[in-house]
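A.B. asks: Just a sequence and a predicted model for now, questions to come.
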Amino acid sequence: MREFRYERPATVAEAIRAVAHDPEADFLAGGTTEVDLMKDGVFHPDLLVDITRLPLRGVRRNGTMLQVGALTTMEELAADRTLMERAPFVVEALLRGASVQLRNMATIGGNLLQRTRCRYFRDPAVPACNKREPGTGCEAVNSVARMHAILGASPACIALHASDVAVPLSALDAVVHIQSEEGERLVPLTQFYLMPGETPDRENVLRHGELITAVDIPLPPEGTRSIYLKIRDRASYEFALASAAVAVIMDGPVIKEARVAMGGVGTIPWRGFEAEEVLREAPATPDTFRSAADGTIRDPFVVPGTAFKVELAKRTLIRALTEVTS
Amino acid sequence: MTTIQQPRILGAGVDRVDGPLKVTGQARYPNDVNLPGMAYAAVVRSTIPSGRITRIDTTAAGKSPGVLEVITHENADHLGEAPATFIKNPQPPLQDDVIRYYGQYVAVVVADTQQNATAAAGLIEVDYDRHEAILDPHDPRAERIKDPWGEDTAWGDVRTALKRAPVMIDQTYTTSENTNNPLGLFTTLASWDGDTLTLHDSNQWPNMIQQVVAAMFGLPRDAVRVLTPFVGGGFGAGLRCWSHIPLAVMAARHVGRPVKLELTRPEMFTGLGHRTSSINWIRLGATRDGRLTAIEHESLTTLPLDGDEYEPCSSVSTWSYASPNVTARDQQVRLNIPWTNFMRAPGDAQGNFALESAIDELAWEVGLDPLEIRLLNYAEVDPKTGRPWSSNALRQCLEVGAQRFGWSNRNPEIGSMRDGHELVGYGVAGVSFFWYQQPCSATVIVRGDGSAYIRSAVTDIGTGTYTIMAQLAAGLLGLEVDQVEMQLGDSSMPVGTAAGGSGLTAALGSAVHDACGRLIKKFVELAGTDPFSPLADVPFGDVEVSEGRLFRKGEPTRGESLARILAVHGLTELSAESTSTPNSADQMGMTPAGARGARFVEVRVDEDLGRVRVARIVTVNDGGRILNEKLARSQILGGTVGGVGMALFEDTVTDKDTGRIANATFGDYLIPVNADIPDVHVEFVGEPDAFNPIGVKGVGEIGLVGVAAAIANGIFHATGKRMRSLPITMDAVMD
């Protein structure tokens, strides 16, 4: 058996210290990514620091903000009434993101850190994977890709960020609370993820030993309409080929304010700033929606298996905009 | 006396007799069995598709905690040749350094725990001299085998008929590789006792495993006992003796302990075969009113370097519809791929998709209703021989299905039916399934208490064999179903055939039927030797059986119970054995028709996104006499789900450079989930088939066949786009 140590500290500070001082240590929350990848031989931590008993669980309303403890499960957050009323697209993303068994285990902090589903990353028998073994190349670019990114991708890596809930959270400008031995820092989710560039192994701004303790979700104004549209081959239990998270405030036939993010297409959850600009103060018409989609899906990097996703992603966004504004 | 004269085809839908065992976890599947002192094995697989092993370093693995043994080609036992059993079996593993496909076993590690075995397997280093692999069926270097089974068929003059046909369809249809994916992980637990060997093994044919393992290890057949009372599904995956089986046996001999080898899900993708991809070239010639004048069907399927496979895709075109001119030809191409193998309706599934798509294209070409064209071309007799069918209710399947589905509500115009963003399409496909049966034996025994038990080496792969055979025997012996105990899945019992090819019910059922008849005759004869028996002077033909008693026809009081007859003669039990052999078409003067069916499907196609949803399915089948409607329905339902998977999702993807199967997990290889399966209406029509004494036609596979074509035909009706390649994914449907 491949052995590893296991600790379950009682406080956040102890947990952080335990990981920070062992370069081969990982935090363990719901385990739905970590344990899978250990079994697949992708992760080999020396030490697992179990944080599941730390007091980081629960949802609190704080003015126009929902503060979500990092260990809140997907299922718990999906059941939050305020979220349901004010930002139902977050709930939709949670419910479409995983089966109920997984939602009962997986945590919000862990969800943001879930690793890509790229088949080449997940099989250590494949020698070339810049994300798994920096500098070895990318097998997916030359092989059979479908569930892969077209935005933020490059010949070095086309691995997709597969989180659903991170898509509407990006649209809402959620903020991540990060704790380390040095103290706490706050990072907007839109700045949390890193483009793969030449270092696809680095997926986000977290440094070793830093722990996500909470996520702040700003609640959109009352009267905001939102939708999370997830398109996939089968009806359930699958990651997105394309998804769109859209929130709008309407003023009659005119879109007053819009938030847009897309999943299933990017190496990171893809915020559609360009789409938002197009939509703001624009009439809710097919032309507007097409311009918004063209603005978001720009300069894609495609391989034969992913070429269709350019148009699919645009139509997904157009459909989401059509439904949420009508 | 014991012949079946029930005119009705539907047998009582009694619950599975093994149901309580299964739902309470008491049914012991091969991977549930543990033996004292048992060790665990883990395999190492090649990571190249072609070449040789130049170095294999097991030092670290050998020193890893708990490791008992590491076996590679350098220290493996030399094993004997694996005999063919209807089809070839893989030759023994680890006999040389040659790599023929990615995923081939190159080592096996045995340790005290599964975790230790798996961890040590990961420490084995293999260096290869990699050769160029042939992975593409179109590669000109690949060996091609024409007419692989000597079954290419031709009658009439197709070439001239096509030339003269006023209407012609000439198209190519392709299907993807699919993987069987039985839920139960295939496991072999091998245990030696001196020179005898016991295997708890996942398979569909215990006597086949027994024969092949005995030959490889140089043992008399009786020295090998294979136990498979339950298996977690097969779908064809258990019809060969795969290489992990001799690996486990060899490992157990090396360590002198029982060894359990349970495959992982990714190993199941390379180790148990898969459905071959297929290319089908079809040409149809027809009159302007849609009557077929010619069918030409050629197929190309794949083979591993060192295996064979019986996968005639073109033969469906020889028995489905009436045509005076037919050519059906198959070819295979050898590639550096894991074995291709039987998967639920091999050949038929792919060939039907091609033929039923082409027939649909013809219907549109001549402006005929797709239902009408199938009825118009119905084959009243076997089109190849002119013989009558043993039974054939294809027409009834189509007519009843159309009525249940509401086919008449269909607006024939393409894209004319719409619901919001969705275009609605109706699709239909006919199914004419093949027929296959092998000899099979069973023994029926009545005990002193009047109850009975039946023994046969066959296994029940979840189809319901335990139940329907108990029902059949109970009816023949005049007992209640719960008075008949079934003992199956043990190679030491009367030799049984494969639970495959939709042939087991006819094969085993015919043996049980005959054995029951013989047994009753023995009882009558026994009673005849007792002058005090009320049956003493009653001729055999005048005896009836009911409620455990034999009595004179029309005189229920004049008789005695089976139990009493045994008691009078001082016997604890009485038995009869029988071996069924399939009838010959020549002797019977008829062609065994096999099951027939019709599929009606409503599809919804998102006009912007191309996403296809199946909204409802009506599946009507002629399975001859249905012994248990509930279980037969389950077979059709499961097949239907498989058909939806084949149509829309299933695709075993091979990396084009390495030959690695890229999606060998349930996360990546898509099978339908519940949400993809709509309401499915299942119905049976027809009459008891004349070709075997119990009147059955197997229904284990037919449910899958035709679903893909009906879906593709529905998509055409909805969108005007003809889908000629499976699976049909949204990128193909999107504009």
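C.D. replies: Structure received.
A.B. asks: As a check, name the ranges of all helices in the stretch 351-500 of chain B.
C.D. replies: B:370-376, B:394-405, B:465-477 (DSSP state H, counting those that start in this stretch).
A.B. asks: Kindly format the C-alpha coordinates of the shortest one as CSV.
C.D. replies: Listed next in CSV are the C-alpha coordinates belonging to helix B:370-376 (Å, rounded to 0.1, in the frame of the first residue of the first chain):
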residue,chain,number,x,y,z
PRO,B,370,-41.5,4.8,-43.5
LEU,B,371,-43.9,2.4,-41.8
GLU,B,372,-45.6,1.5,-45.1
ILE,B,373,-42.3,0.7,-46.9
ARG,B,374,-41.5,-1.8,-44.3
LEU,B,375,-44.9,-3.5,-44.5
LEU,B,376,-44.7,-3.4,-48.3
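A.B. asks: elements contacting it?
C.D. replies: helix B:348-366, helix B:394-405, strand B:422-432 (3 or more CB pairs under 8 Å, 6 or more residues apart in numbering or on different chains; DSSP states H and E). For the C-beta atoms, the positions are set from N, CA and C on the backbone; glycine is no exception.
A.B. asks: Excluding chain neighbours, what is closest to the residue in the stretch 401-550 of chain B that chain A sits nearest to?
C.D. replies: Of all residues in the stretch 401-550 of chain B, the one sitting closest to chain A is B:His421 (7.6 Å; CB to the nearest CB). Nearest residue to B:His421, sequence neighbours excluded (CB to CB, 6 or more residues apart in numbering or on different chains): B:Asp606, at 5.5 Å.
A.B. asks: Quick check: chain neighbours aside, which residue is closest to B:Gln204?
C.D. replies: Per CB to CB, 6+ apart, closest to B:Gln204 is B:Gly238, 3.5 Å.
A.B. asks: who's in contact with A:Gly197?
C.D. replies: By CB atoms under 8 Å, 6 or more residues apart in numbering or on different chains, the residues touching A:Gly197 are A:Ser154, A:Ala156.
A.B. asks: And it, its phi and psi?
C.D. replies: With angles defined as degrees, to the nearest 10, A:Gly197 sits at phi 50, psi -130.
A.B. asks: low-scoring stretches of chain B, by residue?
C.D. replies: B:1-9 (pLDDT under 70).
A.B. asks: Show me what from it comes close to chain A.
C.D. replies: When proximity is defined as CB under 8 Å from any CB of the partner chain, chain B approaches chain A at B:47, B:65-66, B:113, B:115-116, B:118-119, B:122, B:421, B:608-611, B:613, B:648-649, B:653-657, B:660, B:662-663, B:667-668, B:670, B:672-676, B:729-731, B:734.
A.B. asks: What segments of the stretch 101-250 of chain B are strands?
C.D. replies: For the stretch 101-250 of chain B, the strands defined by DSSP state E, counting those that start in this stretch occupy B:105-111, B:125-130, B:144-146, B:153-155, B:167-175, B:187-193, B:196-201, B:224-227.
A.B. asks: Could you provide these in TSV, with additional columns for mean neighbour count?
C.D. replies: Formatted as TSV, the strands of the stretch 101-250 of chain B follow (neighbours: other CB atoms under 10 Å in any protein chain shown):
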stretch	mean neighbour count
strand B:105-111	26
strand B:125-130	15
strand B:144-146	12
strand B:153-155	16
strand B:167-175	19
strand B:187-193	22
strand B:196-201	22
strand B:224-227	23
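A.B. asks: closest one to A:Val59 among those strands?
C.D. replies: A:Val59 sits nearest to strand B:187-193 of all the strands of the stretch 101-250 of chain B, at 45.0 Å, using CB to CB.
A.B. asks: centre of the chain versus that closest one, how much separation?
C.D. replies: Distance of strand B:187-193 from its chain centroid, counting by CA atoms, centre = their mean, to the nearest Å, is 26 Å.
A.B. asks: now do stretch B:508-528
C.D. replies: Remark: stretch B:508-528 is offset 30 Å from the chain centroid, using CA atoms, centre = their mean.
A.B. asks: count of residues packed around the residue in the stretch 101-250 of chain A that chain B sits nearest to?
C.D. replies: When scored by CB to the nearest CB, the stretch 101-250 of chain A has A:Ala235 as its residue closest to chain B, at 3.7 Å. A:Ala235 has 15 neighbouring residues, counting by other CB atoms under 10 Å in any protein chain shown.
A.B. asks: likewise B:Val400?
C.D. replies: 18.
A.B. asks: Show the contacting residues for residue 131.
C.D. replies: As the question left the chain open, I've gone with chain A. A:Thr116, A:Cys118, A:Phe121, A:Cys157, A:Ala159, A:Pro196, A:Pro200, A:Asp201, A:Glu203.
A.B. asks: right idea, wrong chain: chain B
C.D. replies: By CB under 8 Å, 6+ apart, the neighbours of B:His131 are B:Ser50, B:Gly51, B:Arg52.
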